[in-house]
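K.L.:
What would the 3D arrangement of this be:
(one chain, ligands or ions: 1)
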Amino acid sequence: MTKNKKRVLLLGAGGWAREHWIDNVLPDFKDKLEIVGLVDINQGVLKESAYTLGLPKNLLFTNIGQAINKVQADFCIVVLPPHAHKIAYFKAIEKRLPILSEKPITDNLKDTIEVFKRIKQMRIKMAITQNYRYESPIATLKKVIERGRLGKIDYIVARYASDYRKKGSWDVGSVYDMDYPLLVEGSIHHFDMIRYLSGANCRTIFCTCWNPPWSNFKDNANVMAMLEMTNGVKAIYEGSSLAAGFMNRWHQEYYRVECEKGSAVIDRGDRIVRVYTRGKSGKQIMEEIPLIPAHPSGHHKILTDFLEWLDGGSAPETQIKDNIQSALMTFAAIDSKKSNEQKFVQKYIEKSTI
Ligand SMILES: NC(=O)c1ccc[n+]([C@@H]2O[C@H](COP(=O)([O-])OP(=O)(O)OC[C@H]3O[C@@H](n4cnc5c(N)ncnc54)[C@H](O)[C@@H]3O)[C@@H](O)[C@H]2O)c1
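P.N.:
Predicted coordinates for the structure are as follows:
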């Protein structure tokens with residue numbers, strides 16, 4: 001249990017910080033958190049979010065470093081675009097401030113490794129809001145697999161497909177102008193899910209990504225990858241930002257886990273987990289599995305775990321030590337695309353530990 005109210009510095013006031021953290025997550029933590037500072041370079045969104053949160057002017061900042069130096073906080077929450085994460089982390093590390101950050105750790109391999117090494121060296125508590133693991137259908141799917149009724153996992157098929165053809169319709173960061181937008185901003189969630197469902201880290205990844213002529217993205221909007229996990233489970237991943245027909249958008253992704261004795265599936269965008277087996281006569285049997293109750297969002301669960309960690313409890317599952325595995329999968333995928341070769345993800349991990 002959290003003992004006292006924790007003082008939090010929120011870095012980012014617009015975009016996802018506003019839409020999810022300020023409007024949905026933080027109101028549910030009023031008895032556990034006190035916001036002691038809010039930062040955003042955009043004065044307009046800073047003022048609007050401060051008004052919603054009821055924060056006085058002296059707690060508002062447009063500069064990350066100034067805020068971190070001035071405010072007495074117990075931890076910070078980073079909801080800035082990925083290219084601004086590293087500077088925020090390094091300022092927080094200087095002040096020995098624990099960090100709860102949005103994914104991805106950073107937008108490039110070099111910075112991600114640098115951050116990971118520094119956090120480890122300085123022994124700072126840091127976790128990432130890799131939130132999809134905690135959604136009810138996913139938790140249910142995981143439980144079905146763990147119960148072992150279907151035997152061992154053979155392979156996993158994962159599909160994500162959103163219709164973001166119109167410029168601006170995917171309203172996260174600068175996805176239409178950045179390199180590898182789906183891999184860096186999106187696929188990290190799905191790679192993390194493949195790790196979670198398979199119960200293992202990634203051994204190899206072979207990835208291609210591309211940008212069809214009708215795409216409004218500057219860089220590769222679509223991704224396909226073939227993976228092998230360290231426990232031998234294989235996976236196929238399909239990701240599309242340009243889905244003109246069949247959707248599996250955010251929170252409605254398709255996961256099919258093929259096991260020795262049956263398949264466990266979330267496949268129709270209806271968030272229902274179905275188990276398919278064969279009866280004695282060979283007839284297919286389909287069962288709908290009742291959903292396990294979950295927190296209102298994955299962020300609620302991770303923030304709850306993070307607060308307990310600050311109070312001496314165990315670390316959240318998505319602490320940086322674990323999340324580096326998902327983060328480095330995306331950069332191995334990018335390297336695989338560039339070289340047209342399979343990449344060994346654990347070699348990337350080795351680089352981050354020396
Ligand atoms: N977990 C999820 O499901 C999920 C969903 C959406 C976004 N995200 C993540 O949330 C983070 C933020 O995404 P977003 O779409 O809100 O980004 P964004 O580009 O909209 O930026 C968020 C806010 O940060 C401010 N900002 C940018 N640079 C700054 C700087 N140097 N100093 C101070 N403020 C600065 C912007 O003015 C903006 O208000 C990203 O890491 C993104 O990947 C996660």
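K.L.:
Apart from its chain neighbours, what residue comes closest to residue 53?
P.N.:
Excluding the flanking residues, the one nearest residue 53 by Cβ to Cβ, 6 or more residues apart in numbering is residue 35, at 5.8 Å. Heads up, the C-betas are built off the backbone N, CA and C, glycines and all.
K.L.:
Wait, a strand at the one you found?
P.N.:
Yes. Applying DSSP: H, G, I helix; E, B strand; the rest coil, one finds residue 35 inside a strand.
K.L.:
check contacts around it.
P.N.:
With contacts defined as Cβ atoms under 8 Å, 6 or more residues apart in numbering, residue 35 is in contact with 8, 9, 10, 26, 53, 55, 59.
K.L.:
hmm, 6 Å instead?
P.N.:
8, 10, 53 (Cβ atoms under 6 Å, 6 or more residues apart in numbering).
K.L.:
ok, it to the ligand distance?
P.N.:
For residue 35, the distance to the ligand equals 16 Å [Cβ to the nearest ligand atom, to the nearest Å].
K.L.:
What is the distance between the lowest-mean-pLDDT helix or strand in the chain and the centre of its chain?
P.N.:
Scoring the helices and strands of the chain by mean pLDDT, DSSP states H and E places helix 345-353 at the bottom, with a mean of 92. Remark: helix 345-353 is offset 20 Å from the chain centroid, using Cα atoms, centre = their mean, to the nearest Å.
K.L.:
buried sites along that helix?
P.N.:
Residues 345, 348, 349, 352 are the ones in helix 345-353 that count as buried (16 or more other Cβ atoms under 10 Å).
K.L.:
same question, stretch 263-277
P.N.:
For stretch 263-277, burial by neighbour count (16+ other Cβ under 10 Å) applies to 263, 264, 265, 266, 267, 273, 274, 275, 276, 277.
K.L.:
gap between the two ends of it?
P.N.:
From its first residue to its last, stretch 263-277 covers 7 Å (Cα to Cα, to the nearest Å).
K.L.:
what residues does that stretch touch?
P.N.:
Identification of contacts with stretch 263-277 by Cβ under 6 Å, 6+ apart yields 137, 140-141, 144, 252, 254-257, 262, 285-289.
K.L.:
picking that back up, for the least confident helix or strand of the chain, packing partners?
P.N.:
In terms of contact count using 3 or more Cβ pairs under 6 Å, 6 or more residues apart in numbering; DSSP states H and E, helix 345-353 is assigned the packing partners helix 320-339.
K.L.:
quick one, the helix it packs on and helix 345-353 angle?
P.N.:
Relative orientation of helix 320-339 and helix 345-353, computed by axes from the mean of the first three to the mean of the last three Cα atoms, to 10 degrees: 120 degrees.
K.L.:
does the ligand sit close to helix 320-339?
P.N.:
No. Helix 320-339 does not reach the ligand (Cβ under 6 Å from any ligand atom); its nearest approach is 11.6 Å.
K.L.:
can you check stretch 177-190 too?
P.N.:
Yes. On the criterion Cβ under 6 Å from any ligand atom, stretch 177-190 is in touch with the ligand at residue 185.
K.L.:
What is the end-to-end distance of that stretch?
P.N.:
End-to-end span of stretch 177-190 (Cα to Cα): 22 Å.
K.L.:
swap in stretch 338-354?
P.N.:
Stretch 338-354: ends 25 Å apart by Cα to Cα.
K.L.:
quick one: it to chain centroid distance?
P.N.:
20 Å.
K.L.:
ditto for stretch 68-87
P.N.:
A distance of 18 Å separates the centroid of the chain from that of stretch 68-87, by Cα atoms, centre = their mean.
K.L.:
that older thread, turn the buried residues of helix 345-353 into CSV, columns for distance to the ligand.
P.N.:
As requested, the buried residues of helix 345-353 are arranged in CSV below (distance: Cβ to the nearest ligand atom, whole Å):
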residue, distance to the ligand
345, 21
348, 20
349, 22
352, 19
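K.L.:
Could you export these to JSON lines, including columns for distance to residue 230?
P.N.:
Shown next, in JSON lines, are these (distance: Cβ to Cβ, whole Å):
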{"residue": "345", "distance to residue 230": "9"}
{"residue": "348", "distance to residue 230": "13"}
{"residue": "349", "distance to residue 230": "11"}
{"residue": "352", "distance to residue 230": "16"}
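K.L.:
for the residues you listed, which one is nearest residue 66?
P.N.:
Ranked by distance to residue 66 (Cβ to Cβ), the buried residues of helix 345-353 are led by residue 352 at 30.5 Å.
K.L.:
how much space between residue 165 and the ligand?
P.N.:
Distance, residue 165 to the ligand, by Cβ to the nearest ligand atom: 19 Å.
K.L.:
Check residue 171 too.
P.N.:
Distance of residue 171 to the ligand, computed by Cβ to the nearest ligand atom: 7 Å.
K.L.:
picking that back up, name the nearest of the buried residues of helix 345-353 relative to residue 243.
P.N.:
residue 345 (27.0 Å).
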